[in-house]
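1. Okay, here's the prediction I keep looking at, along with the sequence it came from:
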2 protein chains.
Amino acid sequence: MIIVGELINASRKSVAAAIENQDPAVIQKIAADQAEAGAHYVDVNAGVFVGREADYLKWLVTTVQAAVDVPCSIDSPDPKAIEAALSVHRGTAMINSISLEKERYDAILPIVAGADLKVVALCMSDEGMPKTVDDRMAIADKLVNGLLRNNVALENIYVDPLVQPVATRDDFGIEFLKAIEKIMTTYEGIHTLCGLSNISFGLPERKFLNQTFMTMAIAKGLDGAIVNPLDSKMMASIIAAEALMGKDEFCMNYLTAFRAKKFEF
Amino acid sequence: MIIVGELINASRKSVAAAIENQDPAVIQKIAADQAEAGAHYVDVNAGVFVGREADYLKWLVTTVQAAVDVPCSIDSPDPKAIEAALSVHRGTAMINSISLEKERYDAILPIVAGADLKVVALCMSDEGMPKTVDDRMAIADKLVNGLLRNNVALENIYVDPLVQPVATRDDFGIEFLKAIEKIMTTYEGIHTLCGLSNISFGLPERKFLNQTFMTMAIAKGLDGAIVNPLDSKMMASIIAAEALMGKDEFCMNYLTAFRAKKFEF
């Protein structure tokens, strides 16, 4: 399971302030905490700073990688900001994300084509948000084939089927879950990755719902997640679900987590 | 989701004592607590009392049904004990269980053939416990077709694919989960039902693992469970998972549970 730590996002007040003050200590502590908690990538997002996003994203990548040894997930739709961030990035970055929206697709494709990068392929098009598994597969198919034609290796593609709130429509959860399974079985060797918290929008006990939905998505094959790695119940759910899926040899990771008291909430 | 409350089982000391003392109050309180917590069936098991099982099972059914308005799951491999229990049972009972073991199959089949009963079909044969999804499907196929030929309606069959501990073999969880999905899609209208706690045998934090595995099994289509309905985290997981599967119109059951403080652990 690939864990992308979501906490360095300028939509969070404390992060926005640290970016504006160019305060590396705050950013580096969040990066180190996430890596320590199991993040394989540290997401960096400076999207709220219109006009300054490229500079800030570059600063975030440099700042994060001075503190931790993991690559970044560069979270922006803006090719200039992504290129600025990549110019200072060490290792194989993840680009979050390309989509089938024409403007975004045309802007991001040249960056990832033939490059040594991971890329999140978001199931969104100019026709709007997908509702059914078929909507998602139609978009995924165009995205995956477009990326393959442009020399992006299948194993570098992380399809995000796009979660929508179950409070809006009863079948929004199951259609998403079916899409995970269909993507993972249709394109063998590909990955799926997403943030799941939108599922619980408008409902109470959101953390419990998110954790339950994560477990269900893993049962359907999900192998990547954008989460808060400091959410101990969420991480425990992921570790337990991975062991139950047979993805944890001799349950060693589960037992190590148990000894590290990761199941004491 | 069909919930079978598992607590009236003579393998539990307090239950065995209440049965031996013919103390209805203890049994009726457990029955009422389980029904109140959402059990659709109350399982009754007096298997430890060799030679007295039939009498005790009959007494248990009468005692339980004097207190609660739900049917019983009659948990025994012994046709005489089952028939004794059925002679006093009101409503549609569940028989737990038939299997493909020849002796058991031949003994239970005449009881359920053409009868107004639910029946648990356990994926076990004289060749032993199934390991893979194919092992399970081979047994399920014979059981389901045998039951259908003997006028048991498909919707009255609850296949139990038989959980084995993931600590024994890494793929015991995933093979079980795949079997759930395959059974539910192969025989449309059938049910699956099982106890899941064996999955965590030999591992620490068993309750958390069981609850995680339940959520995963629901994602794969499981629609029945033999559980402790008084385990509030387990019940909350089931309620949340059902809402996320689109089986809870407008999330009304989830919201009702929230208002009843069922997510406060």
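-> Sure thing, it's come through.

2. Give the buried residues for the lengthiest helix in chain A.
-> Ranked by number of residues, the top helix in chain A under DSSP state H is helix A:133-149. Under the neighbour-count criterion of 16 or more other Cβ atoms under 10 Å in any protein chain shown, helix A:133-149 has A:133, A:135, A:136, A:137, A:138, A:139, A:140, A:143, A:144, A:146, A:147 buried. Every residue, glycine included, has its C-beta placed from N, CA and C.

3. I'd like these as a markdown table, with pLDDT appended.
-> Shown next, in a markdown table, are these (pLDDT from 0 to 100):
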| residue | pLDDT |
| --- | --- |
| A:133 | 97 |
| A:135 | 97 |
| A:136 | 98 |
| A:137 | 98 |
| A:138 | 98 |
| A:139 | 98 |
| A:140 | 98 |
| A:143 | 98 |
| A:144 | 98 |
| A:146 | 98 |
| A:147 | 98 |
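
4. Helix, strand, or coil at the spatially most central residue of chain A?
-> Residue closest to the average C-alpha location in chain A (Cα atoms, centre = their mean): residue A:226, at 3.6 Å. The three-state assignment at residue A:226 reads strand, by DSSP: H, G, I helix; E, B strand; the rest coil.

5. swap in the one 10 residues further on?
-> Residue A:236 falls in the helix class when you classify it by three-state DSSP.

6. returning to what we had before: is any part of the longest helix of chain A close to chain B?
-> No: judged by Cβ under 8 Å from any Cβ of the partner chain, helix A:133-149 and chain B are separated, with a smallest distance of 12.2 Å.

7. So which residues make contact with that helix?
-> Contacts to helix A:133-149, defined as Cβ atoms under 8 Å, 6 or more residues apart in numbering or on different chains, come from residues A:98-100, A:105, A:109, A:112, A:119, A:121, A:123-125, A:130, A:154, A:157, A:159, A:161-162, A:175-176, A:178-179, A:182-183, A:186-187, A:190.

8. How about stretch A:200-210?
-> Residues outside stretch A:200-210 that contact it (Cβ under 8 Å, 6+ apart): A:165-168, A:196-197, A:199, A:213, A:231, A:233-234, B:236, B:240, B:243-244, B:251, B:254-255, B:258, B:263.

9. Which of these are buried, as a ChimeraX select command?
-> Burial among the contacts of stretch A:200-210 is assessed by 16+ other Cβ under 10 Å; the matching ChimeraX selection reads:
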select /A:166,167,196,197,199,213,231,234 /B:236,240,243,244,251,254,255,258,263
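
10. Let's see which of the contacts of stretch A:200-210 end up in helices.
-> With DSSP H as the criterion, helices contain A:213, A:233, A:234, B:236, B:240, B:243, B:244, B:254, B:255, B:258 from among the contacts of stretch A:200-210.

11. residues of the helix or strand residue A:208 falls within that come out buried?
-> Using DSSP states H and E, residue A:208 falls within helix A:206-219. Residues of helix A:206-219 classed as buried by neighbour count (16+ other Cβ under 10 Å): A:208, A:209, A:210, A:211, A:212, A:213, A:214, A:215, A:216, A:217, A:218, A:219.

12. if I read this right, the fourth one contacts residue A:237, doesn't it?
-> Read it as residue A:211. Yes: using Cβ atoms under 8 Å, residue A:211 is in contact with residue A:237, at 4.8 Å.

13. quick one: low-confidence parts of the stretch 1-150 of chain A?
-> For the stretch 1-150 of chain A, no stretch is flagged by pLDDT under 70.

14. just so I have it, where are all the helices in it?
-> Ranges of helices in the stretch 1-150 of chain A, per DSSP state H, counting those that start in this stretch, are A:13-20, A:24-36, A:53-67, A:79-88, A:102-112, A:133-149.

15. Mind listing what's buried along the third one?
-> For helix A:53-67, the buried set under the neighbour-count rule, 16+ other Cβ under 10 Å, comprises A:53, A:54, A:56, A:57, A:58, A:59, A:60, A:61, A:63, A:64, A:65, A:67.

16. Chain B next: which of those residues are close?
-> Near chain B, judged by Cβ under 8 Å from any Cβ, there are no entries from those.

17. Looking at the residues you listed, which is nearest residue A:75?
-> Checking these against residue A:75 by Cβ to Cβ gives residue A:57 as the nearest, at 8.5 Å.

18. circling back to that earlier point, can you redo the buried residues of helix A:133-149 as CSV with distance to residue B:3?
-> Formatted as CSV, the buried residues of helix A:133-149 follow (distance: Cβ to Cβ, whole Å):
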residue, distance to residue B:3
A:133, 29
A:135, 34
A:136, 32
A:137, 34
A:138, 38
A:139, 38
A:140, 37
A:143, 42
A:144, 41
A:146, 47
A:147, 45
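
19. which one of the residues you listed sits closest to residue A:94?
-> Nearest member of the buried residues of helix A:133-149 to residue A:94, counting by Cβ to Cβ, is residue A:147, at 13.7 Å.

20. related to what we said a few turns ago, pull out the buried residues from the contacts of helix A:133-149.
-> For those, a burial check counting by 16+ other Cβ under 10 Å picks out A:98-100, A:105, A:109, A:112, A:119, A:121, A:123-125, A:130, A:157, A:159, A:161-162, A:175-176, A:178-179, A:182-183, A:187, A:190.

21. Can you pick out the ones from those that are in strands?
-> Of these, the ones assigned to strands by DSSP state E are A:98, A:99, A:119, A:121, A:157, A:159.

22. closest to chain B among those residues?
-> For these, the closest approach to chain B (Cβ to the nearest Cβ) belongs to residue A:159, at 18.4 Å.

23. and the stretch 101-250 of chain A, which residues reach chain B?
-> The interface of the stretch 101-250 of chain A toward chain B, taken as Cβ under 8 Å from any Cβ, is made up of A:166-167, A:170-174, A:177, A:199, A:203-205, A:208-209, A:212-213, A:215-220, A:236-237, A:240-241, A:243-246, A:248-250.
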